[in-house]
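Participant: A structural model of the following input is requested.
(one chain, ligands or ions: 2)
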Amino acid sequence: MTVYNIALIGFGGVNRALAELIAAKNQLWERDLGFRLNIVAVSDLYLGSVISPNGLDARTLVEAKFEKGGFGQLSGGSAEADNETIIKTAPADIVVEATFTNPKDGEPAVSHCRWALETGKHVVTTNKGPVAIEAQALKALAKANGVRFEYEGAVMSGTPVIRMAEKTLAGAELKGFEGILNGTSNFVLGRMEAGLDFASAVKEAQELGYAEADPTADVEGFDVRLKVVILANELLGASLKPEDVSCKGISGLSPSDIEDAAQANSRWKLIGAAVRNDDGSVTGSVAPRRLSLDHPLAGVNGATNAVSLDTELLGAVTITGPGAGRIETAYALLSDIVAIHSTGTSPIAKEAA
Ligand SMILES: NC(=O)C1=CN([C@@H]2O[C@H](COP(=O)(O)OP(=O)(O)OC[C@H]3O[C@@H](n4cnc5c(N)ncnc54)[C@H](O)[C@@H]3O)[C@@H](O)[C@H]2O)C=CC1
Ligand SMILES: N[C@@H](CC=O)C(=O)O
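Facilitator: Ligands and ions are numbered 1, 2, ... in the order given. Alright, predicted model coming up:
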């Protein structure tokens with residue numbers, strides 16, 4: 001039985017949900033997946049940091065009501081989030097990066113990933129910043145150090161769009177994609193259709209754990225722009241940067257725009273898309289579109305996302321599933337660890353007695 005020691009960087013909705021899953025499902029994973037997870041370190045801007053080489057009890061971590069700097073009370077703990085020390089020195093096989101997404105330069109998460117990979121630790125992350133902005137460099141660094149950089153949850157949370165498209169649609173010749181790639185804005189549009197005002201709908205999305213720390217990223221389209229860059233670079237072989245993708249969000253849509261659409265049997269959706277042009281270049285865009293109700297994406301509601309992949313050999317292949325949510329996104333981290341486990345590339349994972 002393999003035990004992966006993991007270090008959690010960021011202990012908000014997603015990593016806390018991963019700890020919850022560990023507390024509830026480690027035994028099941030031992031039986032069905034052939035490994036279990038052991039949390040040996042946690043670092044969070046608000047709570048501080050802690051290293052425990054023998055492992056922290058996941059249930060206690062989730063249930064304890066820590067105040068600001070509260071990890072300082074734990075053995076091996078500090079009231080400060082000393083990410084660099086934690087990442088470089090904790091006896092972890094895998095660093096799980098789930099701090100805030102910074103859409104400008106991806107920092108400090110890019111550095112978190114670098115420190116981990118340079119010290120021979122795999123990285124699994126749901127953070128879109130490092131993936132959209134530095135994926136090539138981080139993948140090269142992972143390769144040079146014999147470890148993996150995995151990020152399924154960066155697009156469509158636990159719905160396996162990246163791995164599915166890469167592995168099971170290999171050879172289908174992808175020409176482009178379009179989709180609903182932000183759970184918060186899709187949820188907000190649906191709540192506005194039901195008569196709620198914009199601010200209250202955003203507040204609900206925050207309470208449900210869908211929104212970014214700054215929900216402007218969701219409603220202004222910046223989050224979708226990162227996801228378009230990630231999918232275009234990963235699946236279409238592009239080299240887009242966020243600033244290459246035109247971007248308009250949903251904040252300009254008024255209740256009367258929503259009502260007018262309903263009267264005309266249509267619905268507003270925030271669509272992220274990319275297309276390969278005849279000259280081989282790739283163009284990406286983010287904008288609200290009024291879709292007729294018979295459009296395949298018009299019926300995708302709530303925090304559900306969907307992406308329609310336009311392929312030469314199969315035509316459109318559409319993947320639908322959760323696009324946001326704490327547990328749903330924690331599942332993406334598990335799926336990354338399953339991918340790492342299946343290739344048997346862990347440098348230091350231990351066989352339990
Ligand atoms: N919640 C969701 O549905 C999804 C979230 N994501 C991404 O996953 C990441 C985590 O999301 P959530 O857990 O929902 O966010 P969150 O805002 O609930 O938690 C983030 C945590 O990271 C901590 N943090 C921020 N900067 C830090 C730093 N420099 N060092 C240490 N800790 C730091 C914060 O104190 C907070 O506890 C974000 O990048 C988000 O964009 C991706 C897919 C879906
Ligand atoms: N805030 C994002 C979370 C997932 O990336 C969203 O709402 O889709």
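
Participant: what segments of the protein are strands?
Facilitator: Taking DSSP state E to define them, one finds strands in the chain at 2-9, 35-44, 48-51, 77-78, 94-97, 122-125, 149-150, 174-180, 246-247, 266-276, 282-292, 304-311, 315-322, 350-351.

Participant: just name the most buried of those.
Facilitator: Comparing the strands of the chain by mean neighbour count (mean count of other CB atoms under 10 Å), strand 122-125 ranks first with a mean of 29. Glycine gets a C-beta too; all of them are placed from N, C-alpha and C.

Participant: quick one: strands adjacent to it?
Facilitator: With DSSP bridges as the test, strand 122-125 is paired with strand 94-97 (parallel), strand 149-150 (parallel).

Participant: can you check which of those strands gets nearest to I258?
Facilitator: With distances scored as CB to CB, the stretch of those nearest to I258 is strand 94-97 (36.6 Å).

Participant: state the mean pLDDT of that closest one.
Facilitator: Strand 94-97 shows a mean pLDDT of 98.

Participant: farthest residue from the center of this protein?
Facilitator: Residue distances from the centre of the chain (CA atoms, centre = their mean) peak at Q263, which lies 35.4 Å from the mean C-alpha position.

Participant: any stretches of the stretch 201-350 of the chain with poor pLDDT?
Facilitator: 345-350 (pLDDT under 70).

Participant: A262: how many residues sit nearby?
Facilitator: By other CB atoms under 10 Å, the residues close to A262 number 13.

Participant: how close does the closest residue to it other than its chain neighbours sit to D218?
Facilitator: Distances taken as CB to CB, 6 or more residues apart in numbering place E193 nearest to A262, at 6.5 Å, with adjacent residues excluded. For E193, the distance to D218 equals 17 Å [CB to CB, to the nearest Å].

Participant: make CSV from the strands paired with strand 122-125 and add distance to ligand 1 to it.
Facilitator: Listed next are the strands paired with strand 122-125 as CSV, based on distance: least, CB to the nearest ligand atom, whole Å:
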stretch, distance to ligand 1
strand 94-97, 8
strand 149-150, 13
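
Participant: now tabulate those in a markdown table and tack on distance to K128.
Facilitator: As requested, the strands paired with strand 122-125 are exported to a markdown table (distance: least, CB to CB, whole Å):
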| stretch | distance to K128 |
| --- | --- |
| strand 94-97 | 11 |
| strand 149-150 | 14 |
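
Participant: how about the residues of the stretch 1-150 of the chain near ligand 1?
Facilitator: Within the stretch 1-150 of the chain, the positions lying close to ligand 1 (CB under 6 Å from any ligand atom) are 9-14, 43-46, 81, 83, 98-101, 108, 126-128.

Participant: comparing E193 and D218, which shows the higher neighbour count?
Facilitator: Remark: of E193 and D218, D218 carries more neighbours, 28 against 17, as counted by other CB under 10 Å.

Participant: which residues are in contact with the residue nearest to that one when sequence neighbours are not counted?
Facilitator: Computed as CB to CB, 6+ apart, the closest residue to D218 that is not its neighbour in sequence is T184, at 3.7 Å. Under the criterion of CB atoms under 8 Å, 6 or more residues apart in numbering, the neighbours of T184 are V202, A205, Y210, A211, E212, P215, D218, V219, D223, A303, A324.

Participant: which among these gets closest to T119?
Facilitator: Taking CB to CB as the measure, E212 is the one of the contacts of T184 closest to T119, at 28.7 Å.

Participant: skipping adjacent residues, who's closest to that closest one in space?
Facilitator: D218 (5.6 Å).

Participant: now A142
Facilitator: A142 sits nearest to F149 (CB to CB, 6+ apart), 4.1 Å away.

Participant: quick one: pLDDT of the one you found?
Facilitator: 98.

Participant: ranges for the helices of the chain?
Facilitator: 13-33, 58-63, 83-89, 109-118, 128-144, 161-163, 183-193, 198-207, 216-219, 222-235, 255-263, 326-343 (DSSP state H).

Participant: so which of the ones you listed comes closest to V155?
Facilitator: In terms of CB to CB, the element of the helices of the chain nearest to V155 is helix 222-235, at 4.7 Å.

Participant: so is that closest one next to ligand 2?
Facilitator: Yes. Using CB under 6 Å from any ligand atom, helix 222-235 reaches ligand 2 at D223.

Participant: over to stretch 258-276?
Facilitator: No. Stretch 258-276 stays clear of ligand 2 (CB under 6 Å from any ligand atom), getting no nearer than 10.0 Å.

Participant: could I have that stretch exported to PDB, CA atoms only?
Facilitator: Output in PDB follows, covering the C-alpha atoms of stretch 258-276 (Å, rounded to 0.1, in the frame of the first residue of the first chain):
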ATOM      1  CA  ILE A 258     -32.300  39.100 -19.300                       C
ATOM      2  CA  GLU A 259     -36.000  39.700 -19.600                       C
ATOM      3  CA  ASP A 260     -35.800  40.600 -23.300                       C
ATOM      4  CA  ALA A 261     -33.900  37.400 -24.000                       C
ATOM      5  CA  ALA A 262     -36.500  35.300 -22.200                       C
ATOM      6  CA  GLN A 263     -39.300  37.000 -24.200                       C
ATOM      7  CA  ALA A 264     -37.400  35.900 -27.400                       C
ATOM      8  CA  ASN A 265     -37.000  32.300 -26.200                       C
ATOM      9  CA  SER A 266     -33.300  32.800 -25.600                       C
ATOM     10  CA  ARG A 267     -30.900  33.100 -22.700                       C
ATOM     11  CA  TRP A 268     -27.600  34.900 -22.000                       C
ATOM     12  CA  LYS A 269     -24.500  32.800 -21.400                       C
ATOM     13  CA  LEU A 270     -20.900  33.800 -20.900                       C
ATOM     14  CA  ILE A 271     -19.000  32.000 -23.600                       C
ATOM     15  CA  GLY A 272     -15.300  31.300 -23.700                       C
ATOM     16  CA  ALA A 273     -14.100  30.100 -27.100                       C
ATOM     17  CA  ALA A 274     -11.000  29.500 -29.200                       C
ATOM     18  CA  VAL A 275     -10.600  28.600 -32.800                       C
ATOM     19  CA  ARG A 276      -7.700  27.500 -35.000                       C
END
